[in-house]
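K.L.:
Give me coordinates for this.
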Amino acid sequence: MHLANSGRVIVRLSKVVQQDQILCDENSTKVAKVTELIGPIAKPYASAISLTNDVKKFVGKKMFTFEIPSAKKHKENRRKRKWKR
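P.N.:
Numbers count the residues shown, from 1 in each chain. You can find the predicted model right below:
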């Protein structure tokens, strides 16, 4: 992980991530949110926005993706009513 002059965090990726995915350290502390994927497809980088004020202590450390469970889709349990005319 590298801190750019713009304040963005640049991360070398070892697996595919999605935009808006959260990056964490080994203690599951949320560190950054991926905003853009850059570089070659074989060895991509991610540009991310820091989610912590003290991002400098995470520079050079390994980051992990934070799996966000997808929202559950509730089935509508409505009975069809027959209206009498």
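K.L.:
so how far is residue 37 from residue 43?
P.N.:
Using Cβ to Cβ, to the nearest Å, we find residue 43 at a distance of 12 Å from residue 37. C-beta here means a position set from N, CA and C on the backbone, and glycine is covered the same way.
K.L.:
Please work out which residues outside the lengthiest strand in the chain touch it.
P.N.:
Longest strand in the chain by number of residues, with DSSP state E as the criterion: strand 30-38. Strand 30-38 has contacts (Cβ atoms under 8 Å, 6 or more residues apart in numbering) with 1, 8-9, 11, 13, 17-25, 44-52, 55, 58, 63, 66.
K.L.:
in the sheet, who's paired with residue 38?
P.N.:
residue 45 (DSSP bridges).
K.L.:
give me the number of residues near it?
P.N.:
Residues near residue 38, counting by other Cβ atoms under 10 Å, number 10.
K.L.:
What distance do you get for it to residue 53?
P.N.:
25 Å.
K.L.:
mind listing what the spatially most central residue of the chain touches?
P.N.:
In the chain, the residue lying closest to the centroid (Cα atoms, centre = their mean) is residue 21, at 1.2 Å. When contacts are counted by Cβ under 8 Å, 6+ apart, residue 21 touches 33-34, 65-66, 68.
K.L.:
Just among the residues you listed, which is most surrounded?
P.N.:
Going by other Cβ under 10 Å, residue 34 tops those with 20 neighbours.
K.L.:
Show me what that one is bridged to.
P.N.:
residue 48.
K.L.:
Read off the pLDDT value for it.
P.N.:
pLDDT, residue 34: 93.
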